[in-house]
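Enquirer: Show me how the following folds:
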Amino acid sequence: MKDLTFGTLIAVFEEIFGRGLFWGMVIAAGLVTLAYFYVLIRDRNISWRKFLLAQLSMPVGAFAAVWFVLLMTHSHLRNIGGPVDVIVLLGVAAGGAVGIAVLVYTVQSLIAPRGKDKADGASRTP
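Expert: Sure, this is the predicted structure:
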């Protein structure tokens, strides 16, 4: 593999996860991102209580992402061969942490809209 192109990365991910699962994850990530932007535009501010709960879920997302990648690649942590492997796993963990935080914040905001979050000072109207 001489050149690292976008098409090459897609082919590698399709090989690791399978075509259906990979594209399903891409579509799910796109839908969650669109829902997150919808919530931000709808509410016009951030609920700090929901944001805190979303941040508390980040370690769970990091662990789940690393576990999922290790499961899909039929690997174990003992198979880590060097610094690049550690950097990749840290990147996977960071992506999982951010992804679960966005998901948790979005789901909270869709279930309990801004007006119903009475304990959050930022969501009160003057």
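
Enquirer: can you pull out the helices in the chain?
Expert: In the chain, the segments counted as helices under DSSP state H are 6-17, 19-43, 48-56, 58-72, 83-111.

Enquirer: Would you mind listing the buried residues in the last one?
Expert: Neighbour counts using 16 or more other CB atoms under 10 Å place 89, 92-93, 95-97, 99-109 of helix 83-111 among the buried residues. Using the backbone N, CA and C atoms, a C-beta is placed for each residue, glycine as well.

Enquirer: tell me what that helix is packed against?
Expert: Under the contact criterion of 3 or more CB pairs under 8 Å, 6 or more residues apart in numbering; DSSP states H and E, helix 83-111 touches helix 19-43, helix 48-56, helix 58-72.

Enquirer: does Val66 really touch Gly95, like I thought?
Expert: No - using CB atoms under 8 Å, Val66 is not in contact with Gly95, being 9.9 Å away.

Enquirer: gap between Gly82 and Phe63?
Expert: Between Gly82 and Phe63 the computed distance is 22 Å (CB to CB, to the nearest Å).

Enquirer: Same question for Met25.
Expert: In terms of CB to CB, Met25 sits 17 Å off from Phe63.

Enquirer: Find the nearest non-adjacent residue to the one residue sitting closest to the centre of the chain, please.
Expert: Centroid check for the chain by CA atoms, centre = their mean gives Gly99 as the closest residue, at 1.3 Å. Setting aside the residues directly before and after it, Gly99 is nearest to Gly61 in space (CB to CB, 6 or more residues apart in numbering), at 5.9 Å.
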